[in-house]
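Engineer: Provided below for reference: sequence and predicted model.
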Amino acid sequence: MSSGRVTWDDQRAFLAVLDEGSLSAAARRLGVAQPTVRARIEALEQAVGAVLFTRSVNGLVPTDQARGLADSARAMARASDAFVRAASAPPGEIAGAVRLSVSEFVGVEVLPPMLASLRAAHPRVIVEVSLSNAAADLLEQEVDIAVRMHAPRHEALVARKVGAIPLGLFAHPDYLDRRGVPTDMDDLLAHDFIGPDRVRVDLELAAMLHPGLTRDRFVVRTDNHPAVLAYARAGLGLAVVQRPIGAADPQLRAVLPELVVGRLDTWIVTHGDLRQVPRVRAVFDHLAEAFTRYAREA
């Protein structure tokens with residue numbers, strides 16, 4: 001391997017090409033010209049003494065050498081992002097950037113009013129929201145805080161359980177006017193359901209609701225929870241929705257209102273090294289209080 005100098009800009013270009021699969025897409029992501037990305041990749045290949053990408057009909061394909069370097073480059077990117085967030089606030093002040101990981105449904109339907117009240121209380125705090133159902137890496141400080149539906153297991157993490165969010169069945173009034181309102185569990189099988197496609201946990205939840213609710217019974221299948229809610233609002237059928245959201249939505253009506261389909265145990269989690277950082281502590285405490293109220297609304 002060559003001992004040439006490797007710059008962070010070269011590594012950023014490497015990651016962008018690795019993720020995007022082409023020089024042009026990587027250039028758009030980085031906000032630079034395509035020749036700049038090409039030059040950085042060539043400089044990196046010269047520095048490490050190996051070819052990192054080969055051309056194919058589908059774009060640039062990483063070599064085995066590139067795949068072997070990917071984890072180290074991503075760790076560098078996380079460290080760089082954490083450095084920038086840490087440098088965004090004067091020491092001891094509640095200000096600067098906090099990166100928050102939440103699921104897609106929580107980020108779209110639950111979080112917005114919580115962020116509004118957070119901004120009112122701490123106007124100098126900037127929140128970067130990462131919407132993903134995959135768990136962000138808190139140990140590597142990919143994010144500062146995460147809202148999780150499972151208990152953290154690593155001793156380096158600090159967590160506060162904020163309650164259990166109940167799930168219920170909901171449908172649009174127009175759908176219920178057309179098809180009738182179910183009065184018991186057996187009535188459910190005569191209705192259209194919006195349900196999961198391939199996520200095992202969600203399919204198991206449907207089977208717990210009624211053994212007859214198998215995947216082939218769903219008239220619309222998706223693993224995107226905000227989409228499930230949107231399809232219910234459009235009158236496509238019955239859907240499982242977090243009860244605080246469904247109960248407050250004028251476009252939805254509870255079906256079998258006493259039925260609790262399940263409960264989502266919820267934790268606010270951060271790294272122990274960040275717990276006493278003023279901006280992180282302020283967001284952590286605010287979210288813990290807000291989610292505690294939210295879980296109790298239903």
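Structural biologist: Noted; the coordinates are in hand. Keep in mind the model is a prediction, meaning the values are calculated, not measured.

Engineer: Regarding the protein, what is its longest strand?
Structural biologist: Longest strand in the chain, counting residues (DSSP state E): strand 157-171.

Engineer: and the next helix or strand after it, what other elements does it pack with?
Structural biologist: Later in the chain than strand 157-171, the nearest helix or strand by DSSP states H and E is helix 173-179. Applying 3 or more C-beta pairs under 8 Å, 6 or more residues apart in numbering; DSSP states H and E, one finds that helix 173-179 contacts strand 253-255. The C-beta positions use only the backbone N, C-alpha and C, and glycine is treated the same way.

Engineer: what is the mean pLDDT for the strand it packs on?
Structural biologist: On average, the pLDDT along strand 253-255 is 97.

Engineer: in the very next helix or strand once past that strand, what counts as buried?
Structural biologist: Counting by DSSP H and E, the next helix or strand C-terminal to strand 253-255 is strand 262-271. Residues of strand 262-271 classed as buried by neighbour count (16 or more other C-beta atoms under 10 Å): Leu264, Thr266, Trp267, Ile268, Val269, Thr270, His271.

Engineer: What's the local residue count around Arg275?
Structural biologist: Arg275: 13 surrounding residues under other C-beta atoms under 10 Å.

Engineer: strand partners of the longest strand of the chain, parallel vs antiparallel please.
Structural biologist: strand 239-242 (antiparallel), strand 253-255 (antiparallel), strand 262-271 (antiparallel) (DSSP bridges).

Engineer: Show me the contact partners of the second one.
Structural biologist: In this case it means strand 253-255. Residues outside strand 253-255 that contact it (C-beta atoms under 8 Å, 6 or more residues apart in numbering) are 168-173, 176, 181-182, 238, 243, 246-247.

Engineer: wait, what's in contact with Ala70?
Structural biologist: Contacts here follow C-beta under 8 Å, 6+ apart; on that basis Ala70 touches Leu15, Leu18, Pro62.

Engineer: In helices, which of those residues fall?
Structural biologist: The members of the contacts of Ala70 that map onto helices under DSSP state H are Leu15, Leu18.

Engineer: which residue sits closest to Ala26 in space, ignoring its chain neighbours?
Structural biologist: Residue nearest to Ala26 in three dimensions, not counting chain neighbours: Ala16, with 3.6 Å by C-beta to C-beta, 6 or more residues apart in numbering.

Engineer: For the residue positioned nearest the centre of the chain, give me its contacts.
Structural biologist: Closest to where the C-alpha atoms of the chain average out (C-alpha atoms, centre = their mean) is Ser132, at 2.0 Å. Ser132 is in contact with Ser101, Ser103, Glu104, counting by C-beta under 8 Å, 6+ apart.

Engineer: If any of those are buried, put those into a PyMOL selection.
Structural biologist: A single PyMOL command selects the buried members of those (16+ other C-beta under 10 Å):
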select buried, resi 101+103
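
Engineer: any idea which of the contacts of Ser132 is the one closest to Arg5?
Structural biologist: Closest approach between the contacts of Ser132 and Arg5, by C-beta to C-beta: Ser101, at 34.0 Å.

Engineer: Can you tell me who the closest one pairs with across the strands?
Structural biologist: Beta-bridge pairing for Ser101 (DSSP bridges): Ser130, Ala146.

Engineer: Wait, it touches Ala136, no?
Structural biologist: Yes - here Ser101 reaches Ala136: they are 3.7 Å apart, a contact under C-beta atoms under 8 Å.

Engineer: May I see the strands paired with strand 157-171 arranged in a markdown table, with distance to Leu188 as well?
Structural biologist: Formatted as a markdown table, those follow (distance: least, C-beta to C-beta, whole Å):
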| stretch | distance to Leu188 |
| --- | --- |
| strand 239-242 | 11 |
| strand 253-255 | 8 |
| strand 262-271 | 15 |
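
Engineer: Noted, bye for now.
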